[in-house]
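Trainee: build the 3D model from these lines:
(one chain, ligands or ions: 1)
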Amino acid sequence: MSWIEVVFASQCDDDGNCPYCRIDYGECDCPGPTQDEEYEYRFEADGTMRARRIDSTATALIAYAKSIGFDYVPINDTIDGLLVSGQTVIIVDWKSQGGDLTPSQSRLIARGVPVRFIQRPEQLDQLKREIDK
Ligand SMILES: [Zn+2]
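Mentor: I've put the predicted structure just below:
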């Protein structure tokens with residue numbers, strides 16, 4: 001999931017239209033600054049506020065991973081986090097419906113960093129079996 005710039009009501013034009021979508025700010029899909037249920041937020045070094053839609057796929061997969069004995073360390077940056085089982089650490093990124101690699105993820109992969117992209121619970125079962133061998 002990508003981080004997109006938050007749109008503040010103060011950025012809208014006199015008619016209340018979003019500066020990016022050019023439609024009513026209340027109707028557009030851009031993240032506002034106070035949608036904690038739908039988005040997580042972070043600030044860039046220059047103070048820009050960005051938001052990323054909370055991914056229910058990821059939430060469910062994390063819960064499943066824990067239920068089969070993994071510990072999960074969130075990173076929420078280029079990659080989503082680390083799955084830990086005993087001495088084994090696995091770099092994971094949760095992918096929902098056809099989620100593409102971000103450019104920074106593509107660079108990691110190109111350098112040979114072993115990122116596992118997880119979309120379904122069965123993939124977690126398989127990881128666990130590999131580790132427990
Ligand atoms: Zn908008």
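
Trainee: switch to C-alpha atoms for all contacts and neighbour counts from now on
Mentor: Will do.

Trainee: list the neighbouring strands of the longest strand seen in the chain plus their orientation.
Mentor: Determined from DSSP state E, the single longest strand within the chain is strand 88-94. Partners of strand 88-94 in the sheet, by DSSP bridges, are strand 81-85 (antiparallel), strand 115-118 (parallel).

Trainee: so can I have a markdown table of those showing distance to V73, mean pLDDT and mean neighbour count?
Mentor: Output for the strands paired with strand 88-94, formatted as a markdown table (distance: least, Cα to Cα, whole Å; pLDDT from 0 to 100; neighbours: other Cα atoms under 10 Å):
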| stretch | distance to V73 | mean pLDDT | mean neighbour count |
| --- | --- | --- | --- |
| strand 81-85 | 5 | 96 | 19 |
| strand 115-118 | 14 | 94 | 17 |
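
Trainee: what's in contact with stretch 37-55?
Mentor: Contacts of stretch 37-55 with the rest of the structure, by Cα atoms under 8 Å, 6 or more residues apart in numbering, involve 1-6, 31, 96.

Trainee: what residues go with each domain of this structure?
Mentor: Split into domains by automatic domain parsing, the chain comes to 1-54, 56-132.

Trainee: shouldn't Y64 be in contact with E122?
Mentor: No: at 9.9 Å, Y64 does not count as touching E122 under the criterion of Cα atoms under 8 Å.

Trainee: and E40, what element?
Mentor: If you go by DSSP states H and E, E40 is part of strand 39-43.

Trainee: quick one: mean pLDDT over that strand.
Mentor: Mean per-residue pLDDT for strand 39-43: 91.

Trainee: what residue ranges in the protein score low on pLDDT?
Mentor: Scanning the chain for pLDDT under 70 picks out the ranges 1, 97-98.

Trainee: which stretches of it form helices?
Mentor: For the chain, the helices defined by DSSP state H cover 56-67, 103-110, 121-132.

Trainee: just the ones you listed: most buried one?
Mentor: Among the helices of the chain, helix 56-67 has the highest mean neighbour count (mean count of other Cα atoms under 10 Å), at a mean of 15.
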